[in-house]
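A.B. asks: Mind folding the following:
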Amino acid sequence: MKISVATEKVQVTGHFGHCPHYLMAEVENRQLISKTLVPNPGHEPCVLPEKLAAMGVNVIIHCGMGIRAQHN
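C.D. replies: From the prediction side, this is the model:
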């Protein structure tokens, strides 16, 4: 499973699309396999969920997300 956490410094950000980067973590059998920090490619409404899905992300962790991104 690949998890994306919208982060700023060491905290989960308040808005999914405006974070500086995403911490990508790959987990198998409850064990952390890898983690990578990926820069935010830019805030575009409704685009980020698709870009993250194309990177293999299954789960997104964040504190807030606009309504259009929620429906993608």
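
A.B. asks: so where's this protein uncertain?
C.D. replies: When residues are selected by pLDDT under 70, those of the chain lie in 45, 64-72.

A.B. asks: Can you show me the strands along it?
C.D. replies: Remark: strands of the chain, listed N- to C-terminal, are 2-8, 11-12, 21-28, 31-39, 59-61; assignment by DSSP state E.

A.B. asks: What strands flank the last one, and is each parallel or antiparallel?
C.D. replies: Read it as strand 59-61. Next to strand 59-61 in the sheet, as set by DSSP bridges, lie strand 2-8 (parallel).

A.B. asks: ok now the helix ranked longest in the chain, how far from the chain's centre?
C.D. replies: For the chain, the helix reaching the highest residue count under DSSP state H is reported as helix 48-54. For helix 48-54, the gap between its own C-alpha mean and the chain's C-alpha mean amounts to 9 Å (C-alpha atoms, centre = their mean, to the nearest Å).

A.B. asks: list the buried ones in it?
C.D. replies: The neighbour-count criterion (16 or more other C-beta atoms under 10 Å) identifies Leu48, Pro49, Leu52 as the buried residues of helix 48-54. Where you see a C-beta, it was placed from the backbone N, CA and C, and this is true even at glycine.

A.B. asks: now do stretch 7-17
C.D. replies: Of the residues in stretch 7-17, those buried by neighbour count under the rule 16+ other C-beta under 10 Å are Thr7, Thr13, Phe16, Gly17.

A.B. asks: got it, and stretch 33-44?
C.D. replies: Within stretch 33-44, the residues scored as buried using 16+ other C-beta under 10 Å are Asn40.

A.B. asks: What separates the first and last residues of it, distance-wise?
C.D. replies: Distances were taken as C-alpha to C-alpha, to the nearest Å; on that basis the terminal residues of stretch 33-44 are 30 Å apart.

A.B. asks: any idea which of the buried residues of helix 48-54 is closest to Val27?
C.D. replies: Each of the buried residues of helix 48-54 was scored against Val27 by C-beta to C-beta, and Leu52 proved nearest at 15.6 Å.

A.B. asks: That closest one contacts Asn58, correct?
C.D. replies: No: distance between Leu52 and Asn58: 9.5 Å, which falls outside the contact criterion (C-beta atoms under 8 Å).
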